[in-house]
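Enquirer: give me the fold of what follows.
(chains A, B and C)
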Amino acid sequence: MAAYLEQLVNGLVLGSIIGLIALGYTMVYGVIQLINFAHGEVFMVGAYASLACYLWILPPDLAGTWYIALPAMILFGSLVAALLAIAMERFAYRPLRGAPRLAPLITALGVSVFLQEVVRLFFPDAKQAKPYPTPFIEGGITVHLGDGQFTIAYIRILLVVVAIGLAALLQLYISRSRMGRAMRAIANDPDTARLMGINPDRIIVWTFVIGAVLAGVAGVFYGGYQNTINTDMGFQNGIFAFTAAVLGGIGSIRGAVVGAMIIGVVKTIAGQLPFLGGTQYDYVWIFVVLIFMLVFRPQGFFGETERVRA
Amino acid sequence: MNRLWTVLSGLGFAVAAMMPWVTFALNDGNYPAKSTLQFFDAPFLLTGFRLHLLVIGLLVVLFTFLPLPGRPRILRAAGWAGGLISLVNGAYITFKGGGLGAITAADGKVAFAAFVGVAAGALLIWSGAKAAPGIEFSWPERPSRWLAYLALLVSFAGLLLFVAAILTSGGGITNPYSAGQFMSFLAMAAGLIAALGATGVLRWIGELSEQHRYFSLLVMLGCALGLPFTSAGNEYWMTVAVNIGVYAATAIGLNIVVGLAGLLDLGYVAFMGIGAFVAANLSGAAAAAFDIHLPFIFAAIAAALVAGVFGAIVGSPTLRVRGDYLAIVTMAFGEIFVRSSQNNIGGLTGGSNAIPGIPPLELFGTGFQESISIGGYKLAGGVLYYVLIVLLVALVMGVFANLKDSRIGRAWIAIREDEDAARAMGIQTGRAKILAFLIGATLAGLAGAVFAHKTSSVSYESFRFTESVTLLAAVILGGMGTIPGAVLGASLLFVLPETLREFQDYRLMLFGLALVLIMRFRPQGLVADRHRRAELTTVDDPVEVAAR
Amino acid sequence: MSELLEVRGLSVAYGAIEAVRDVSFTVHAGQIVSLIGSNGAGKTTILRTISGLLRPKAGEILFQGTPIHALPAHTVLGMGIAQCPEGRRLFARMTVEENLQLGAYVRRDDGIQADIDKVYDLFPVLGERRHNKAGLFSGGEQQMLAIGRALMCKPRLLMLDEPSMGLSPIMTQRIFDTVAELRDLGTTVLLVEQNALAALALSDQAYVIDLGRTTLHGTGHELLADSRVRAAYLGEEVA
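Expert: The predicted structure follows:
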């Protein structure tokens, strides 16, 4: 029993990472109907940038102090992720706005492969997995259940809190702020939004930036609790996040978070069940969920309501 | 006035090529120190890229006064070719041949004034565009049958020699400068093609080959079978050519799905994988799941059938899912295939051990990998595989060409352009889309079966997402919906890594970049389909401010 | 009387098709100026070009003497030109209040809420249902909201594209009365209409656009009396 509960908790932790990434997918798709395939790569780059910050920017005597290291790494990782997203939007996607839909999708694919390779080739020793520090209080809470027990690391608890908190903030931002209204207006009718004096370029870049910052945060936490990062992480988790966004109803903030939690739990629990093939097949089940969702309920669980596109 | 500039740039190319001799003459042998006559045993005997550059330079001077049709574009093409040749070789001489000084004169014999060549290229690109257009000339629209046949024969034979020359231009993998020589040759080739395109002869040949389709297919087949008799007819290039052929056949299959029906499939290589695993398991290999050894023809049919069935299954969501969602569904299927075969599902795929030891094909007791001799002419090993793959590609091309102009082909194109309208016109879109997947997968399965025997070992690693992306890149680079496009794309994407080994690590990175750049600057690909419009290029509407 | 907007020799093309050819007209401050003409005459294209959504092939657009034809749409709006587009184009999935807030997107002052209340005074039905989704409203109510939204940026020039489209005669009258009221309150109006009779009755100046060209020009009443106009747009036999 404890093993299942542990996997459930692990699922929620993974779900929080996926959720932070999924928010970026859902925002961009909601505003310009683009599956930003390269968004997973933004997450990956954020993680590597934060590692670079830890290794080469932070003075060694400060790097061990978590309340300095963690904010610094998050800040730097998110900054690099945001700059990357701005460049991506400006040079790859913006020229294709108004082009038929396959074109930006193929471009996104190209950007994704390109970024993955650039990091793999040019980040020192990135061809193997890189060890990543835990920039937080070591240890965790131990849960006793029946005759079993397991430990939840503090950083995992912090991650879940941060992820849900950021999602709630984002929801508030989209529904209340002037920028959020402008985003929804562009999602609703880009031409008329321009007649309101909204500069779509600025809003769209901002949408990318918000998504990238969240992905950067996710990157730090992912490294922090996995203790290792590799250049594949963006692609894999990006797919999970996209699946989560679809599951929750793409365009919906709340849906992305809920979808991500479901994906996280499906993956960890499926890995625990031998008749589903165990951990070797846990990915497969996520793809199965994705296919079924796209085929039978492409609007997701949260349907038409509560979307960026509302 | 403008003529002066073009002549100057032509002479610039010549000077760049002849620099050792020029420095010798100008400096009376004092500079550089090695510029003495015995270092230039034959100052006018230029070979390789310097010869190309000299010829380009002289032709530029000639064309300045020769009113050829499309002259500005020809001159510009020459400018790009000469400039790029100079750039590539200059870079190589600088970085590999001994520093910046080597640009003008290093060890005498390969001395080369790269900067003069680059400057001349830039000058020519700039001034060539303003050259007076040549005479108007239109190629005969419907020439007599024999003239057309002759033109096709000559051009395809030329193409064959051209391809062989490109392949062997690197001088083999042992040559440390092979990548540089290859790129330099490629620049020359691209310039030549662009110049020919400017005269309109390429389009004319293209139209002729459409008019006489069967004849040109026959000639193409003949030329392809002639490759083993050219300079590229050694075992190394036969192997490369077979690999290209496998991927070209697969790419044409993908082109049916993506190019004709407009359904983006991101997991396509899985069908090739399924075909390969089926063939491997029926080949009698020790690691196969079944202890049977079917003749190749039956194994290939089985591979095609199984892949086709899977194609129909993967395609069935198209009934409900469209556009980018469909792309994601196909990618998910592809990933499921990779994960499953990685885990040796049902003992069918060997997992990370792969299925090794697949026997090579045999015909009348001769292994396909052995070298054979025809009429005393000894052909390199692997020629039989090459012949097999040429026939396979020809078959796939035939299927594609026939489908494209058939009822179902028109239905696919209608779906690609506007699915709702197609449905409204009474096309059974669901059936047509599944059929596209089915046929595409069948062809990929067939290619996979050959692949299994040729490589003798089948592993899931050959069928991962990056492979699908590469195939997609091949189709897009070449031009969606066209046969030459798919073949050209596959050739480029699988030849380039062979010849540019020092850049092999950067292969995927460059593919990614290429996808982005193609979508940005030439979404129709290198060989544009004349009928293709809606899917990737916008309607011609320049006034609508692009900020949607 | 000062010239607020001047269009000189404007041509606009969609690819090879010229939708507007050499059109010139002037809008003086404080007036209602109409462009009338049949469907496909190029009227909407003219408005979209003024707003910066399309780029002209030739010609100039001057607003208070400043050329604006090369400016992006959001800058044009910032200069005080609001457009109420054809078919209303509300943000259907957003509430009335949010639509009005978006109308004031470029404003940074504190008076936005007060102006929203003014719109509610002008169209009480909007105030009553301010938290409802705009897509749920009737055609006339949507038109009111569209006008209210355009007014929210305090425009010096209000451009209305086919405000009567799809409305009942009573509702059309209601909208046109409002337009007259707005003019009297000091807003300059450029009106595009197919409903020539109602538009001309209201207009200080009017231009007839036919196949992308200006063919006639006069005061509203002059054109109402013009036999060619009556024949072409009011369905009367030529006397």
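Enquirer: hmm, C:I116 is touching C:L151, no?
Expert: No - with contact defined as CB atoms under 8 Å, C:I116 does not count as touching C:L151 (10.1 Å). C-beta coordinates here come from the backbone N, C-alpha and C atoms, glycine included.
Enquirer: mutual contacts of the two, please.
Expert: Residues touching both C:I116 and C:L151 (CB atoms under 8 Å, 6 or more residues apart in numbering or on different chains): there are none.
Enquirer: can you give me the helices in the stretch 351-500 of chain B?
Expert: For the stretch 351-500 of chain B, helices defined by DSSP state H, counting those that start in this stretch occupy the ranges B:383-404, B:407-417, B:419-424, B:429-455, B:465-478, B:483-499.
Enquirer: for chain A, same thing?
Expert: A:2-32, A:39-52, A:60-63, A:66-88, A:102-122, A:154-176, A:178-188, A:190-195, A:200-226, A:233-248, A:253-272, A:282-296 (DSSP state H).
Enquirer: who touches the last one?
Expert: Helix A:282-296 has contacts (CB under 8 Å, 6+ apart) with A:236, A:239-240, A:242-243, A:246-247, A:263, A:266-268, A:270-271, A:276-277, A:300, B:317, B:320-321, B:325, B:328-329, B:332-333, B:335-336, B:339-340.
Enquirer: mind checking which of those are buried?
Expert: Using 16 or more other CB atoms under 10 Å in any protein chain shown as the burial test, the contacts of helix A:282-296 include A:239-240, A:242-243, A:246-247, A:263, A:266-268, A:270-271, A:276-277, A:300, B:317, B:321, B:325, B:328-329, B:332-333, B:335-336, B:339-340 as buried.
Enquirer: poorly predicted segments of the chain, please.
Expert: No chain in the question, so chain A it is. When residues are selected by pLDDT under 70, those of chain A lie in A:303-310.
Enquirer: was after chain C, sorry
Expert: In chain C, residues with pLDDT under 70: C:1, C:234-239.
Enquirer: can you tell me the closest non-neighbouring residue to residue 230?
Expert: This is for chain A. Among residues not flanking A:N230 along the chain, A:A129 sits closest, at 4.2 Å (CB to CB, 6 or more residues apart in numbering or on different chains).
Enquirer: hmm, no, I was thinking of chain B.
Expert: Using CB to CB, 6+ apart, the nearest residue to B:T230 is B:A164, at 3.8 Å.
Enquirer: the one you found: neighbour count?
Expert: 19 (other CB atoms under 10 Å in any protein chain shown).
Enquirer: I'd assumed B:F229 was in contact with it.
Expert: No - using CB under 8 Å, B:A164 is not in contact with B:F229, being 9.2 Å away.
Enquirer: can you count the residues close to residue 293?
Expert: As the question left the chain open, I've gone with chain A. A:M293 has 23 neighbours, counted by other CB under 10 Å.
Enquirer: think we crossed wires, I meant chain B
Expert: 13.
Enquirer: got the phi and psi for the residue nearest to C:G37 when sequence neighbours are not counted?
Expert: The shortest distance from C:G37 to any non-neighbouring residue, by CB to CB, 6+ apart, is to C:I209 (3.8 Å). The phi/psi pair for C:I209 (degrees, to the nearest 10) reads phi -110, psi 130.
Enquirer: over to C:Y14?
Expert: phi -100, psi 100.
Enquirer: that one: neighbouring residues, count only.
Expert: So C:Y14, with other CB under 10 Å, has 17 neighbours.
Enquirer: any idea what it is bridged to?
Expert: C:I17 (DSSP bridges).
Enquirer: report the separation between it and C:M165.
Expert: 21 Å (CB to CB, to the nearest Å).
Enquirer: how close does the closest residue to A:P133 other than its chain neighbours get to chain B?
Expert: Spatial nearest neighbour of A:P133, excluding adjacent residues (CB to CB, 6+ apart): A:Y54 at 5.8 Å. Here A:Y54 is placed at a distance of 26 Å from chain B (CB to the nearest CB, to the nearest Å).
Enquirer: ok, now A:L169?
Expert: In terms of CB to the nearest CB, A:L169 sits 28 Å off from chain B.
Enquirer: again, but for C:A206
Expert: In terms of CB to the nearest CB, C:A206 sits 27 Å off from chain B.
Enquirer: does that residue belong to a helix, a strand or coil?
Expert: strand (DSSP: H, G, I helix; E, B strand; the rest coil).
Enquirer: which residues does it form beta bridges with?
Expert: Bridge pairing for C:A206 - DSSP bridges - gives C:S34, C:G218.
Enquirer: rewinding a little: in which helix or strand does the residue nearest to B:T230 reside?
Expert: helix B:145-168 (DSSP states H and E).
Enquirer: and the next element down the chain from that helix?
Expert: With DSSP H and E, the next secondary element past helix B:145-168 is helix B:178-199.
Enquirer: send me that following helix as PDB with only the CA atoms.
Expert: Presented in PDB, the C-alpha positions along helix B:178-199 are these (Å, rounded to 0.1, in the frame of the first residue of the first chain):
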ATOM      1  CA  SER B 178      37.100  15.300 -48.800                       C
ATOM      2  CA  ALA B 179      34.400  17.400 -47.100                       C
ATOM      3  CA  GLY B 180      35.900  20.600 -48.500                       C
ATOM      4  CA  GLN B 181      36.200  19.300 -52.000                       C
ATOM      5  CA  PHE B 182      32.800  17.900 -51.900                       C
ATOM      6  CA  MET B 183      31.200  21.200 -50.800                       C
ATOM      7  CA  SER B 184      33.200  23.000 -53.300                       C
ATOM      8  CA  PHE B 185      32.000  20.700 -56.000                       C
ATOM      9  CA  LEU B 186      28.500  21.000 -54.700                       C
ATOM     10  CA  ALA B 187      28.700  24.800 -55.000                       C
ATOM     11  CA  MET B 188      29.800  24.400 -58.600                       C
ATOM     12  CA  ALA B 189      27.000  22.000 -59.300                       C
ATOM     13  CA  ALA B 190      24.400  24.300 -57.700                       C
ATOM     14  CA  GLY B 191      25.700  27.100 -59.900                       C
ATOM     15  CA  LEU B 192      25.400  25.000 -62.900                       C
ATOM     16  CA  ILE B 193      21.900  23.900 -62.100                       C
ATOM     17  CA  ALA B 194      20.800  27.500 -61.400                       C
ATOM     18  CA  ALA B 195      22.400  28.600 -64.700                       C
ATOM     19  CA  LEU B 196      20.700  25.900 -66.600                       C
ATOM     20  CA  GLY B 197      17.400  26.800 -64.800                       C
ATOM     21  CA  ALA B 198      17.800  30.400 -65.900                       C
ATOM     22  CA  THR B 199      18.000  29.400 -69.600                       C
END
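Enquirer: surely B:L68 is in contact with B:T199?
Expert: Yes - with contact defined as CB under 8 Å, B:L68 reaches B:T199; the gap is 6.5 Å.
Enquirer: list residues touching both of these two?
Expert: Taking CB under 8 Å, 6+ apart as the criterion, B:L68 and B:T199 both touch B:I74.
Enquirer: so A:Y93 touches A:L34, yeah?
Expert: Yes - under the criterion of CB under 8 Å, A:Y93 makes contact with A:L34 at 6.5 Å.
Enquirer: which one of these two has more residues nearby?
Expert: A:Y93 (26 against 23).
Enquirer: next up, the contacts around the more buried one.
Expert: Counting by CB under 8 Å, 6+ apart, A:Y93 has contacts A:32, A:34, A:36, A:104, A:107-108.
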